[in-house]
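Enquirer: just need the structure, nothing else, for what follows:
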Amino acid sequence: MLRDALYEKRCLMVCGGGGVGKTTVSASLAVAAAHVRKRVLVVTIDPAKRLLQAFGFNDALLQEGGAPLALSGDVLTRLGLPESAGLSVAILNPKWVLDRIVAQSLTPGQGSKLKDTVIYREMGQMVHGLQEYTAYEWVTRMLTDDEYDLIVLDTPPAFHAKEFFNAPAKIRNLMESRVFQIFIPSGHSWIPSLLTFGWVEKLLGERIYRESKMFFETFTGLRDRIIARCGKLAEFFSQREVAVVVVGTPESTPVLELEGLIGFLEEKRIPVEAVVMNQVERASEFTPEILGSGISEELLAKLSELKLHQDAKADRAFESIQRVKSRHPGREWVEFPMVYSLDGFEILKQNAAQMR
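Expert: This is a model prediction of the structure:
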């Protein structure tokens, strides 16, 4: 069960479509876990501004990323946690993670040369799957170093979710491909290095040629490490200490994305710990008695009309959830209600309380 996972697992991977509140669910899981685990980290890739503000951080963190930041005592209190709770937040910045890999794999001189090249600076945009790979690299490294008892990883939206789970294999295939090997300096490949041909310098220009040659000469050592790591990362999801939580909403399109993602994970034999249906409309609790006397008939009629509209939305949500549940029996389903509030703390507190 999801509640047990908060106590026992070391990594919860939260995936789902865009706009389903996946990042908020990730944060809620982390808040719930912080009640029972000493060191909890939530890593997010694309956080909503409201979430950052709820955690007490500004927009600069979204741009810079970097090392995890512990929440202040005031923020912990507002989240319903004791000031002694250990809850931290990190924004995934692929370049920051890649810089750390370079520092661990190459000498300072090699690392400096590599990071000075245009290709390295643009790798985040050029190499498909690098963001996903760096997420794996970072999280697994922190788990190995035992820095946190539980890490909640908020993954990219479902449009890229399948790519996220396929990233280790894709990065490894790229590094081992003949297309990549053709640029490796001679001695590391049976194919003569493309960069040894003079016409390439004329085609690319002296500066780009020089930087490209330096990049591939230096990157070779890093490439070997990435290939070795990809083999281990491909097995990451099968570990008993890792759990996957899928998030959706009752609307038709998110339900289709949800079922497609569940089917994909089943094909990959990646176990799903629980399915969270977020933003579930509830029936209105309005009754005329709540208002007391002295209310105009016109206002009462409008409020009654709103109640009917709300109840109809709740009925549709209930029917949608029952249909999808019937197609996927035997799974744990957790429902988070739609909360019409600007207070991010209150939303996280309510969701977390439901899971404890």
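Enquirer: alpha carbons of stretch 319-331, as CSV, please.
Expert: Extracted in CSV, the C-alpha atoms of stretch 319-331 (Å, rounded to 0.1, in the frame of the first residue of the first chain):
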residue,chain,number,x,y,z
GLU,A,319,-18.5,7.5,-12.9
SER,A,320,-15.1,8.1,-14.6
ILE,A,321,-13.2,6.7,-11.7
GLN,A,322,-15.4,3.6,-11.4
ARG,A,323,-14.9,2.9,-15.1
VAL,A,324,-11.2,3.1,-15.0
LYS,A,325,-11.0,1.1,-11.8
SER,A,326,-13.0,-1.7,-13.4
ARG,A,327,-10.5,-1.9,-16.2
HIS,A,328,-7.6,-2.1,-13.8
PRO,A,329,-8.7,-4.3,-10.9
GLY,A,330,-6.4,-5.2,-8.0
ARG,A,331,-4.7,-1.9,-7.8
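Enquirer: stretch 288-297: end-to-end distance?
Expert: One end of stretch 288-297 sits 11 Å from the other (Cα to Cα, to the nearest Å).
Enquirer: so which residues make contact with it?
Expert: Contact partners of stretch 288-297, identified using Cβ atoms under 8 Å, 6 or more residues apart in numbering, comprise Leu300, Leu303, Ser304. For the C-beta atoms, the positions are set from N, CA and C on the backbone; glycine is no exception.
Enquirer: all the strands of this structure, in order from the start?
Expert: For the chain, applying DSSP state E gives strands covering 11-16, 40-44, 69-70, 87-91, 150-157, 242-248, 272-280, 333-337.
Enquirer: make CSV from these and add distance to Phe57 and mean neighbour count to it.
Expert: Formatted as CSV, these follow (distance: least, Cβ to Cβ, whole Å; neighbours: other Cβ atoms under 10 Å):
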stretch, distance to Phe57, mean neighbour count
strand 11-16, 19, 26
strand 40-44, 11, 26
strand 69-70, 7, 14
strand 87-91, 7, 22
strand 150-157, 15, 24
strand 242-248, 22, 25
strand 272-280, 23, 22
strand 333-337, 23, 17
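Enquirer: looking at those, which one has the lowest mean pLDDT?
Expert: Among those, strand 150-157 has the lowest mean pLDDT, at a mean of 85.
Enquirer: circling back to that earlier point, now, the contacts of stretch 288-297 that are in helices?
Expert: Of the contacts of stretch 288-297, the ones assigned to helices by DSSP state H are Leu300, Leu303, Ser304.
Enquirer: so how far is Arg141 from the closest residue to Ile270 other than its chain neighbours?
Expert: Using Cβ to Cβ, 6 or more residues apart in numbering and skipping the chain neighbours, the partner closest in space to Ile270 is Phe237 (4.6 Å). Taking Cβ to Cβ, to the nearest Å as the measure, Phe237 falls 17 Å from Arg141.
Enquirer: who has more neighbours out of the two?
Expert: A side-by-side neighbour count of Phe237 and Arg141, using other Cβ atoms under 10 Å, places Phe237 first with 19 against 15.
Enquirer: before we move on, the earlier item: quick one: buried ones out of the ones in helices among the contacts of stretch 288-297?
Expert: Buried members of the ones in helices among the contacts of stretch 288-297, scored by 16 or more other Cβ atoms under 10 Å, are Leu303.
Enquirer: would you turn the ones in helices among the contacts of stretch 288-297 into JSON lines with pLDDT and distance to Phe165?
Expert: Output for these, formatted as JSON lines (pLDDT from 0 to 100; distance: Cβ to Cβ, whole Å):
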{"residue": "Leu300", "pLDDT": "83", "distance to Phe165": "53"}
{"residue": "Leu303", "pLDDT": "84", "distance to Phe165": "47"}
{"residue": "Ser304", "pLDDT": "85", "distance to Phe165": "48"}
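Enquirer: for the ones in helices among the contacts of stretch 288-297, which one is nearest Leu153?
Expert: If you rank the ones in helices among the contacts of stretch 288-297 by distance to Leu153 using Cβ to Cβ, Leu303 comes first, at 43.1 Å.
Enquirer: doesn't Phe286 make contact with the closest one?
Expert: Yes - the pair formed by Leu303 and Phe286 meets the contact definition of Cβ atoms under 8 Å, at 6.1 Å.
Enquirer: got the contact list for Val272?
Expert: Val244, Val245, Val246, Ile262, Leu265, Glu266, Arg331.
Enquirer: I figured the second one hits Lys9, correct?
Expert: Yep, that's Val245 we're talking about. No - Val245 lies out of contact with Lys9 (Cβ under 8 Å); the separation is 10.0 Å.
Enquirer: all helices of the stretch 51-200 of the chain, in order?
Expert: Using DSSP state H, counting those that start in this stretch, the helices of the stretch 51-200 of the chain run over 59-64, 73-78, 94-105, 108-115, 118-121, 123-126, 130-144, 158-176, 178-181, 198-204.
Enquirer: worst average pLDDT in those helices?
Expert: Minimum mean pLDDT among the helices of the stretch 51-200 of the chain: helix 198-204, a mean of 46.
Enquirer: as a quick check, tell me the outermost residue of the protein.
Expert: Distance from the centre of the chain peaks at Gly294, with 51.2 Å (Cα atoms, centre = their mean).
Enquirer: ok, back up a step: ok, so of the contacts of stretch 288-297, who is nearest Asn278?
Expert: Distance to Asn278, by Cβ to Cβ, is smallest for Leu303 among the contacts of stretch 288-297, at 26.9 Å.
Enquirer: where's that closest one relative to Ser296, distance?
Expert: Relative to Ser296, and taking Cβ to Cβ, Leu303 is found at 10 Å.
Enquirer: fine by me, thanks again.
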